[in-house]
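[1] turn this into a model:
(one chain, ligands or ions: 2)
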Amino acid sequence: MSDKSLEKKIRKLLANISVPNDGNLADYAGLSEIIITKKAIALAIEISPQLDKEFMAVRKEAQEAIEAVAKGRKVMVSLTSNEPKQQANPAQTSAPKRSAINKQPVAGIKKIITIASGKGGVGKSTCSVNLALALKASGLKVGLLDADLYGPSIPKLLKLEGKPASREDGNFIAFDAYGIKAMSIGPMVEADKAVVWRGPMATSALRQLLRETDWGELDVLVIDLPPGTGDIQISLSQQVEIDGAVIVSTPQDLALIDAKKAISMFSMLDIKILGIVENMSYFVAPDTGNRYDIFGHGGAKIAAQEMDLDFLGEVPLVMNIREKSDAGEPVVATEPNSEEAKAFINIANKLIKNLAL
Ligand SMILES: Nc1ncnc2c1ncn2[C@@H]1O[C@H](COP(=O)(O)OP(=O)(O)OP(=O)(O)O)[C@@H](O)[C@H]1O
Ligand SMILES: [Mg+2]
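    Numbering: from 1, shown residues only. Ligands and ions are numbered 1, 2, ... in the order given. Purely as a prediction, here's the structure:
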């Protein structure tokens with residue numbers, strides 16, 4: 001059976017599943033695209049956080065229905081919800097919400113990598129910016145795309161100001177920051193707070209940012225993802241070939257458990273894991289420079305070994321990283337000889353090798 005006819009069959013099955021207060025699952029606006037690969041079938045259902053109990057049953061029903069036709073593929077149906085809890089914009093339910101699985105390369109871009117994590121706040125954006133800058137420092141042409149539509153932080157980290165300029169044909173011109181090309185939904189969301197960026201709208205906003213930006217020629221585009229395993233991750237993997245994902249985790253068990261979930265999602269989506277970075281690995285006191293392993297340092301390295309993945313390196317918890325990030329002056333660009341910048345540069349060097357950049 002072709003992927004198309006399997007997808008059709010799945011949609012028919014989803015049409016028999018009712019959604020709390022809202023018709024059936026096949027027509028539900030929060031249903032992501034359905035991804036079908038050789039090994040897996042994956043989809044996400046966006047819900048409002050208040051309804052998670054009701055949707056657990058919907059998730060289970062969908063999972064079982066799809067498993068019955070999956071022919072040995074792993075099935076992953078996940079629920080996702082995104083704060084702030086806002087009313088869905090009625091206009092978005094009529095927006096085109098699905099398109100055929102049709103991965104098209106982005107003109108001019110040679111490789112695309114994503115920076116991901118299971119848990120929020122572990123330092124993805126910090127790593128994205130500093131790794132992108134470290135790749136650039138080694139002579140590569142680098143772009144950075146902020147795909148965290150719900151909490152864009154690249155504008156602050158790179159001090160991007162104002163809306164991106166547009167060319168005559170309507171395509172965006174990427175910002176130039178410390179020698180890398182950067183794009184973020186941030187400046188546009190601020191300009192129009194009425195827009196509710198979620199579900200299908202988020203997917204099409206991301207498609208637009210990726211494809212309707214004049215990136216020029218890039219050796220590598222780094223994409224900063226929102227945390228978790230939601231529809232942005234799934235729809236991105238469907239839109240374009242991803243050459244690999246870097247997983248960022250802190251050393252604590254809880255973050256590592258979430259990191260493992262993200263890893264299993266990427267492997268189901270047939271995306272190569274380039275390795276794990278342990279961020280906030282150990283604490284370096286700003287006054288004495290002494291190092292303290294207060295977070296169970298080394299957890300990510302052990303987890304990487306257990307999962308047979310590359311361990312890419314450790315980034316210390318250093319006040320300077322936070323202060324410089326807050327000021328829009330990332331350490332790799334502004335203090336390239338500092339220990340913390342060197343940590344990012346070492347990781348970037350491993351990526352260059354892994355990706356044959
Ligand atoms: N190694 C580090 N040392 C000190 N502070 C850090 C370090 N890494 C990240 N931070 C700080 O931790 C906070 C969270 O980092 P960041 O925004 O990069 O995480 P994130 O994983 O992208 O979060 P989100 O899930 O919200 O997107 C920021 O204030 C950042 O400056
Ligand atoms: Mg972030």
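[2] how close does residue 8 get to residue 237?
    Relative to residue 237, residue 8 is positioned 21 Å away (C-beta to C-beta, to the nearest Å). Every residue, glycine included, has its C-beta placed from N, CA and C.
[3] in terms of neighbours, single out the busier of these two.
    Neighbour totals were compared for residue 8 and residue 237, and residue 237 leads with 24 against 13 (other C-beta atoms under 10 Å).
[4] mean confidence score for the one helix or strand the more buried one maps to?
    Assessed by DSSP states H and E, residue 237 sits inside helix 231-239. For helix 231-239, mean pLDDT is 85.
[5] right, and the helix or strand after it?
    strand 244-249.
[6] so where's this protein uncertain?
    Across the chain, the ranges flagged by pLDDT under 70 are 39, 49, 80-102, 187-201, 294.
[7] can you give me the domain boundaries for it?
    Domain ranges of the chain: 3-81, 109-355, per automatic domain parsing.
[8] okay, the ones you listed in JSON lines with distance to residue 103 next?
    Converted to JSON lines, these look like this (distance: least, C-beta to C-beta, whole Å):
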{"stretch": "domain 3-81", "distance to residue 103": "11"}
{"stretch": "domain 109-355", "distance to residue 103": "5"}
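[9] the residue nearest the centre of the chain and ligand 2, how far apart?
    In the chain, the residue lying closest to the centroid (C-alpha atoms, centre = their mean) is residue 225, at 2.2 Å. Distance of residue 225 to ligand 2, given as C-beta to the ion, to the nearest Å: 8 Å.
[10] show me the contacts for that residue.
    Listed by C-beta atoms under 8 Å, 6 or more residues apart in numbering, the contact partners of residue 225 are 114, 115, 116, 117, 124, 147, 148, 232, 233, 236.
[11] closest to residue 56 out of those?
    residue 233 (20.7 Å; C-beta to C-beta).
[12] residue 265 is in contact with the closest one, correct?
    Yes - between residue 233 and residue 265 there is a contact at 6.6 Å, judged by C-beta atoms under 8 Å.
[13] where do the helices of the stretch 201-350 of the chain begin and end?
    Ranges of helices in the stretch 201-350 of the chain, per DSSP state H, counting those that start in this stretch, are 231-239, 253-268, 299-306, 319-326, 331-334, 339-355.
[14] nearest approach to residue 57 belongs to which of those?
    From the helices of the stretch 201-350 of the chain, taking C-beta to C-beta, the stretch that ends up closest is helix 231-239, at 20.0 Å.
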